[in-house]
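Novice: Coordinates for the following, if possible.
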Amino acid sequence: KVLGPNKAVVRVSAEFDFSKSEVKSETYQPVVGEEGIVRSEQEMEESYKGEGGAPEGVPGVSSNVPGYPSATPATGEYKRRESTLNYELSKTIEHKQSAPGTLKKLSVGLFVDSKGLSRKKVNDIKEVASAACGLDLKRGDKIEVQSIPFSTELLEKEEAAMAKAAQREFLQQVLMVSAGVVFLVVLLLLALKMKKVREEEIVAKEAVPVKELEGVPPEGAPPLEALPPEEVDKERQRRRQILAQVGRLFEEKPEETTQMLKSWLVEK
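Specialist: Numbers count the residues shown, from 1 in each chain. Take a look at the predicted model:
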């Protein structure tokens, strides 16, 4: 985001220690200050005054016999002092157990596009990246930042490929929408056709059957009972011819014939 899209490449290599270790340690140190607390104290003081040397030798009678003056004078003052102090010390036992997966070393490589980038900015990027990664130089971590001109040829090819893919996707969507519209139009036409067929079926049901028309005389024709016997056969034959013509009209022009019959029935 700082340098812009496709202006930086980062590679990170991390070395981990997956071994498990335990450390136990004991530490002894004074409780108070540098000396601690006195636990026990023992003192011994010995003093001797007078001429002659202090009693010496193995304890016994001979060693306790006082000395006698010799030919040469001597001073006999003798002193001895001993002091023993025992201090109380604190004891610390430390038990450490390291979990596996400890980071041992971290290496970071950063490449930035040198176009419009000064050396100061490169150093600033290095400092920011070091702080963000938590580099520890004592641990042996390293970071390298290189400023080089980036090639845009691959990026242009990728953008062209993405544009073609987007265009293909758009065409597929257009085809899908067009197919949906055509499907709806076909459904509408089928619905209209079925409606028309139902209307024709209703008209056909409402029409007078041909057999019923056989007994109906044409308009202006006298009833069969009023005709002489020889004319009855002729009249019946003429009516059959008329019905045959009507049947042919139904076969050749069903819609027009149906409309004509409907109008004729309405007038009647």
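Novice: need the contact list for residue 20.
Specialist: The contact partners of residue 20, taken as CB atoms under 8 Å, 6 or more residues apart in numbering, are 97-100. Every C-beta, even on glycine, is put in place using the N, C-alpha and C of the backbone.
Novice: Could you dump those residues into a markdown table with neighbour count added?
Specialist: Formatted as a markdown table, the contacts of residue 20 follow (neighbours: other CB atoms under 10 Å):
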| residue | neighbour count |
| --- | --- |
| 97 | 9 |
| 98 | 12 |
| 99 | 8 |
| 100 | 10 |
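Novice: which pair in the residues you listed spans the largest distance?
Specialist: Spatially, the most separated pair among these is 97 and 100, at 10.6 Å (CB to CB).
Novice: Could you break the chain into its assigned domains?
Specialist: With domains defined by automatic domain parsing, the chain comprises 8-19+99-148, 151-206, 209-268.
Novice: hey, least reliable of the ones you listed by pLDDT?
Specialist: Lowest mean pLDDT within these: domain 209-268, at a mean of 61.
Novice: you'd agree residue 142 is up against residue 108?
Specialist: Yes: if you go by CB atoms under 8 Å, residue 142 and residue 108 touch, sitting 7.3 Å apart.
Novice: Which one of the two is surrounded by more residues?
Specialist: Ranked by neighbour count (other CB atoms under 10 Å), residue 142 and residue 108 place residue 108 first, with 20 against 13.
Novice: can you pull the contacts of the more buried one?
Specialist: Going by CB under 8 Å, 6+ apart, residue 108 touches 10-13, 129-130, 133, 135, 141-144.
Novice: Mark which of these are buried, thanks.
Specialist: Buried members of these, scored by 16 or more other CB atoms under 10 Å, are 129-130, 133, 135, 141, 143.
Novice: before we move on, the earlier item: and for residue 142 and residue 108, which residues touch both?
Specialist: Shared contacts of residue 142 and residue 108, defined by CB under 8 Å, 6+ apart, comprise residue 135.
Novice: So what touches stretch 97-107?
Specialist: 12-23, 133-136, 139-143.
Novice: Describe which strands the helix or strand harbouring residue 87 pairs with in its sheet and in which direction.
Specialist: Element membership for residue 87, per DSSP states H and E: strand 78-98. Note on strand 78-98: by DSSP bridges, its sheet partners are strand 21-30 (antiparallel), strand 37-48 (antiparallel).
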